[in-house]
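*Asks:* how would this look folded up:
(chains A and B)
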Amino acid sequence: MGDYKPQEIEAKWQKRWEENRVFETEADVADVEEVASGRWQAGREEKGSQDPPSHIEGGAPRKKPKYYVLEMLPYPSGTLHMGHMRNYTIGDVVARVKRMRGFNVIHPMGWDAFGLPAENAAIKNRTHPRTWTNNNIAEFQRVLRRFGFSYDWRREISTCEPEYYRWNQWFFLRMLERGIAYKKKSRVNWCPKCCTVLANEQVVNGGFCWRHEDTRVEAREIEQWFLKTTAYADQLLNDLQEMEGSWPDRVIAMQRNWIGKSTGAKVWFEIAGEEKKTQDPGLEDEPGAPAQSSQRREAERNQRIEIFTTRIDTIYGASAVILAPNHPLVGSLLAARAEDAEAGQKSGHYTAEGRDKKLAEMKVTSVKGEDIATAEKDGFFTGRYAINPFNGEKVPIWVGNFVLMEYGTGAIMAVPAHDERDNEFARKFGLSIPVVVVPAKERTNAEAKEEEHRGRGDTGAGGSRVGGADAAQAGAPVPQLFTEYGISVNSGAYSGLKSEEAIERMAADAEKGGFGKKETIYRLRDWGISRQRYWGTPIPVIYCEKDGMVPVPDRDLPVVLPANPKLTGEGQSPLATDPEFVNVKCPKCGGAARRDADTMDTFVDSSWYFYRYCDPHNDKMPFDPAKAGYWFPIDQYIGGITHAILHLLYSRFWCKVMRDLGLVNHKEPIARLFTQGMVQKGGVAMSKSRGNVVGAEEMAQKYGADTGRIYTLFAAPPEKDLEWSEESIEGAWRFLNRVYRLVDKHAGPAREVASGPEASLEVNEWRVASTEKERTLLRKAHQTLRRVTQDFEGRWHFNSAIAQIMELVNAIYGAEPLEDGVRPEVRKEVLELVTLMLAPMTPHLAEELWEMLGHESGLWTVGWPEFKAELAKEDEVEIPVQINGKVRGRVTVAAGASQEEVLEKAKEDAGVAMHLNGKTVRKVIFVKDKMLNLVVG
RNA sequence: GCCCGGGUGGCGGAAUGGCAGACGCUGAGGACUUAAAAUCCUCCGGGGAUUUUUCCUCAUGUGGGUUCGACUCCCACCCCGGGCACCA
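*Replies:* A predicted model of the protein is given here:
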C-alpha cells in the first residue's frame, strides 16, 4: 500500500508523545516520603506539614523502581552532528528499554551554556554571548526533538541562567564557610599582549599565545580562588574501588593516575655554614653586599631545605640537593654570597651572569607540562651546601629545571645510582654516583662485602662532592643504574636491610631525630576556579577596605552578570571594567567596596547539574534532598572518554562536599559509567573545524531520524569508534523499508484478529494448533526475543541485537507466502515481536507499525514482550560429530537426546564411520544439544 | 618509560571453552522491466582434490602452553590506537 515516509511518521509521533506527555516523569510519592522522613533533616522544616507538591499526584506510579539515565550535557555550539547523535541514541535506547521494562525512568537534557566560545563569538560578531548561546540552544533543541529522544523537557536546564548559577554561588559560599574555597597566589599562563590569563589549551606551539602566535606565554603569580579538592584526595581515590566493574577500567585508571598518591618521607637538610653566621651575623656581611643582606640571612638561618622522597633508603647515596628554579630559597641562596658564584665558576661550569640568565630562562618557561617534559636536563650549582642529616655529609645544592615546584616540596635529593633522572643529571654535570642499593637475588655475602668496598671507594674519602668531575676523572667504574628495591649497602647502620625495611626504619629514625617524617603526597592539586572572563558565574565575594573580604550574603544572591559588558578579549576581567557591577556597598559596614570581578570555571556548572534535574525549578535550594535522594545515584551515565578525568572527578568531589553539607547521603553520584566511541570520518573524529561532519539534521532530512539512529547502533558496538559509511547507511535504510513493507502487507488481515496480550492465548494452544511453518516462525521469533533481551540488558550489544532482528525478518520473508499455512494470529504475533523489539531503537517506525497492526493506544502503553521458552524450544537439533576434535559428520536428533542415542546415530553416519574404521574409541565427550566428540586412537 | 584498549574475509563486525566468519556493506550472476531505479533470488576467506553431489586441508598478529576441544583461558613476543609522563 503505502511507502515508508519517515519524515511524516516521525513528526506525527513526536507530536503524539508530546500531547500525551509520555516522557514526563515524577519521583514516586511514597519513596520520596520515605526518603524524606527517614534520612533527611537538613533544610526540610517546611516540608513536614506540607502536602506533596501538586505535580506528584495520587495517580503517579507507585513502587516502580527508579532508573536515572543521563547523557553528558552538551556545550551548545556549532552544529549537531552524528557524533553527538550516537551518544544520545545510546542513552535513549537504554531509557526506552527501561521504561518498557517497568522502571520509573528519568531522562533529562540541558545545556552547558557558559564558556569562552560564546564570548569569543560575541566579540567577533558584535553580539551578546547570551544571544549567541540562546540561539544555539534553540537550534540544538530543535534537532534533538527532531530525533525523537525521550527527554522530559520540563526538566531542561541552562547553566547560564541566574536561576541556575545562583546555586553555584550558593555552593561557593558554603565552601567558603568551610574553608574548602580559599584564595591564594598561583602560577598561571600569562599572555603579556592579551594581559590576561590563558587556559592550558590556549597555550599553543609549545608555549605561545593562541591569539598572538609570536608572543611567548609567561608564568605569573596572581591571586586566584581555589577549591580544596586535595582535602578529598583520599576519599576520591579510595571510593574508586566502588566503581570497579561498573566504570570502564581505563577511566578508573586515569583517575587514580591523576590523583597520584605516593607515600614516602620528607627530610630536612640544613644549609651548611649557617651556624657560623648566626653566631656572629654582623661581621659576616661582605663589603658591598645589599643592605637587606643581613635581614635575608636572618630569614635563611632557620631555613632548611625540605625534600620529599619515596626512597629514603637511598639517602646515603645522595650526591646533591636540587631545587626547583622557582623555589623560594633560590633567591636568598644566590644573593647571599657573591663568592659562591665564583666557586661555581671555578668548578668550570658557569659564570655568575650565565647562571642568572639560566635561572631566568628556567623560571619563564611556561607552566605547561609538555614543555618541561621534553626539555633537556639543565641546572647549575648554587655554590652552597646542605648537610645530609643521616651521615652529616656536605652535598652541593643545585638548581635543576626538572624539579617541579608544584609537586612535593619543590626540592629533591639526587641519588644518581638509583634514580633515572638523577642519573642523567649527574652524568651531565659530573656528580658522583655512589651505590647504596644492590639487587637482592645475585647477592652472596662475599659479593655484598665487595660491593660495600666499591661503594666506599666511589664516595671518596669524605671529600666534598663539588660540581667537579672528580669521580669521572678518577676513572672509577660508572655504577649501573638500579632503581628497584634490593638490599642496602654502604648505608651505615642500615646496610644489609631490605629496601622495604630500610624505608620504614629510616623514616622512623628521621622522625625521632627531628629531621624528617613520613608523608603521603598527591599529584592532585586544588582546583583553581577563577577565570578572567565575562561569560561565567560571578564569584560572590566583595572586598571592602575596612572589612576585607566579605562574602555576599545569601539573601543577595544571585550576583547577576551585568547585561551589557564591554568585551574586547584583552586586558583584565571584563567585569572589572564595569563600574556599576564592581562598585558596591560593603554588606558589613555599608561603605564603598568592590566586587570580585572574576567568574567561575565552567566545570563548576557541570559538577552538580544532574542534581538540579531532580528539582529544576526550586528557588529555595539547589534541589530538594528528598527528590535527589529518590533519583540518585545516576544509574547510567553516558558520555565521551574526553571527560574521563576533569568533569567526572570534579563531579565526584562536589558530591562529597554536598554530603558533608547534608544535602545527599551517597558517596558517589554515578553508579555506572559508559564511554561511547567517537564517530569518525576519514579516520578522524567528526568536528566542525575539520569540516568532516555529517549533520544530524541533514541525516534526518535524507533518511529520517530512525535510519540515523539504527545505523549508528548497528555499525559498531557502542564503545568502539565508528567510521561513517554512506553505503552502510543505505543498508540501514533498506532494512527499515523492508520491515515497513512486510508489516504493511500483512496489516490488513492482522487487524481483524486479536493477538498477543489481547488474545490471551496460552502457549500450548499455539503449539497444538500450529502448522510446521507456524511453529518455525514462532520459534525463531522467540529465540530472537531471548537474545535481543539479553543484548539490551547487560551487554549493550545493540549491533548484534539488530542483526538478530534482521535474521528474523529474513526468516519471515523466507516463509512467504505467509497466507499459505500461517494464520493471521500467528502473523500478527510475529510482526508484533519485530515491532516491539525495534521500538527502543526506531521508536517512530515502531509506533507506526504498532498502529498499522490495529492498536489504538500507543506503543508506549505496552511493556517489553514476554519471552515464552516453550515456543523458543527446538524440536530437533543438528549435532556436529567430531573425531579427535574435527567435525566429520552431523546427526539430527530430537532436542534433549541422550549420549547413547546420539552416539548410535553418529555411528551410522558415513563420514563418521569412515574415520572410526579400525580404531577404538577411547573417550566420548558429549554436550547435550551441542556436540559429540569421539577421541579415537 | 608506565597504565589501559585492540589485532578475525575486500570492508564494518558476529561468535566469552563446543560447527570461525552470524548480520550488514561492497562485488559477481540471475529474475522482474521497453529501459533504468526500486525490489526479489543465488554466490562471495585461501589452497587442493573431485570436474555434476561433495571431500580434504590451511586460516582469528607471532611463538609456546592448558584442554577431548582455544578467536575465547595462561605465558612470552610483535604491531596498532589511546591516556599519563622529568611526579622525586
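*Asks:* The closest residue to A:Lys66 other than its chain neighbours and RNA strand B, how far apart?
*Replies:* Nearest non-adjacent residue to A:Lys66, counting by C-beta to C-beta, 6 or more residues apart in numbering: A:Asn104, 4.9 Å away. Heads up, the C-betas are built off the backbone N, CA and C, glycines and all. Distance, A:Asn104 to RNA strand B, by C-beta to the nearest atom of the strand, to the nearest Å: 30 Å.
*Asks:* Also A:Met600?
*Replies:* Taking C-beta to the nearest atom of the strand, one finds A:Met600 at 22 Å from RNA strand B.
*Asks:* Tell me who's in contact with the closest residue to A:Glu752 other than its chain neighbours.
*Replies:* If the residues on either side of it in the chain are set aside, A:Glu752 comes closest to A:Pro824, at 6.4 Å by C-beta to C-beta, 6+ apart. Counting by C-beta atoms under 8 Å, 6 or more residues apart in numbering, A:Pro824 touches A:746, A:749-750, A:752-753.
*Asks:* coming back round to it: just give the number of residues close to the residue nearest to A:Lys66.
*Replies:* 22 (other C-beta atoms under 10 Å).
*Asks:* what are the ranges of the helices in the stretch 701-850 of chain A?
*Replies:* Under the criterion DSSP state H, counting those that start in this stretch, the stretch 701-850 of chain A contains helices at A:705-714, A:726-752, A:756-759, A:763-769, A:772-790, A:798-814, A:824-838, A:843-852.
*Asks:* okay, those in TSV with distance to A:Trp190 next?
*Replies:* Shown next, in TSV, are the helices of the stretch 701-850 of chain A (distance: least, C-beta to C-beta, whole Å):
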stretch	distance to A:Trp190
helix A:705-714	43
helix A:726-752	47
helix A:756-759	69
helix A:763-769	75
helix A:772-790	56
helix A:798-814	48
helix A:824-838	56
helix A:843-852	52
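*Asks:* rank those helices by mean pLDDT and give me the bottom one.
*Replies:* The minimum mean pLDDT among the helices of the stretch 701-850 of chain A belongs to helix A:756-759 (a mean of 52).
*Asks:* circling back: confidence score at the residue nearest to A:Lys66?
*Replies:* 96.
*Asks:* thought it was touching A:Val69?
*Replies:* No: counting by C-beta atoms under 8 Å, A:Asn104 does not reach A:Val69; the two are 11.5 Å apart.
*Asks:* any idea how far A:Pro718 lies from A:Gly682?
*Replies:* Distance of A:Pro718 to A:Gly682, given as C-beta to C-beta, to the nearest Å: 21 Å.
*Asks:* And A:Phe632, by the same measure?
*Replies:* In terms of C-beta to C-beta, A:Phe632 sits 41 Å off from A:Gly682.
*Asks:* higher neighbour count, those two?
*Replies:* Counted by other C-beta under 10 Å, A:Phe632 and A:Gly682 do not tie: A:Phe632 has more neighbours, with 24 against 10.
*Asks:* Quick one: residues contacting that one.
*Replies:* Contacts of A:Phe632 (C-beta under 8 Å, 6+ apart): A:68, A:611, A:614, A:664, A:666, A:669.
*Asks:* Could you pick out the buried ones from those residues?
*Replies:* A:68, A:611, A:614, A:664, A:669 (16 or more other C-beta atoms under 10 Å).
*Asks:* Can you pick out the most distant pair from these?
*Replies:* Largest separation among the buried ones among the contacts of A:Phe632 by C-beta to C-beta: A:Tyr68 and A:Val664, giving 13.3 Å.
*Asks:* Same question for the helix or strand where A:Trp17 lies: list its buried residues.
*Replies:* If you go by DSSP states H and E, A:Trp17 is part of helix A:6-19. Judged by neighbour count (16+ other C-beta under 10 Å), helix A:6-19 contains these buried residues: A:6, A:9-10, A:13-14, A:17.
*Asks:* Quick one: distance of it to the chain centre.
*Replies:* When C-alpha coordinates are averaged (C-alpha atoms, centre = their mean, to the nearest Å), helix A:6-19 and its chain have centres 36 Å apart.
*Asks:* so which of the contacts of A:Phe632 comes closest to RNA strand B?
*Replies:* A:Pro669 (21.7 Å; C-beta to the nearest atom of the strand).
*Asks:* ok, back up a step: which helices and strands does the helix holding A:Trp17 pack with?
*Replies:* Secondary-structure packing of helix A:6-19 (3 or more C-beta pairs under 8 Å, 6 or more residues apart in numbering; DSSP states H and E): helix A:129-146, helix A:696-702, helix A:705-714, helix A:843-852.
*Asks:* closest to A:Thr577 out of these?
*Replies:* helix A:129-146 (15.7 Å).
*Asks:* which is the next helix or strand following the closest one?
*Replies:* Per DSSP H and E, the helix or strand that comes after helix A:129-146 is strand A:157-158.
*Asks:* Quick check: buried residues in the next helix or strand after that following strand?
*Replies:* Using DSSP H and E, the helix or strand that follows strand A:157-158 in sequence is helix A:162-177. Using 16+ other C-beta under 10 Å as the test for burial, helix A:162-177 gives A:164-176.
*Asks:* picking up where we left off before, mind putting the contacts of A:Phe632 in CSV, secondary structure, pLDDT and distance to RNA strand B included?
*Replies:* Converted to CSV, these look like this (DSSP: H, G, I helix; E, B strand; the rest coil; pLDDT from 0 to 100; distance: C-beta to the nearest atom of the strand, whole Å):
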residue, secondary structure, pLDDT, distance to RNA strand B
A:Tyr68, strand, 97, 26
A:Tyr611, helix, 98, 27
A:Cys614, coil, 97, 32
A:Val664, coil, 96, 29
A:His666, coil, 95, 26
A:Pro669, coil, 96, 22
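*Asks:* And the residue nearest the centre of chain A, how close does it get to RNA strand B?
*Replies:* By C-alpha atoms, centre = their mean, chain A has its centre lying nearest to A:Ala644, at 1.5 Å. Plainly put, A:Ala644 is 7 Å away from RNA strand B if you go by C-beta to the nearest atom of the strand.
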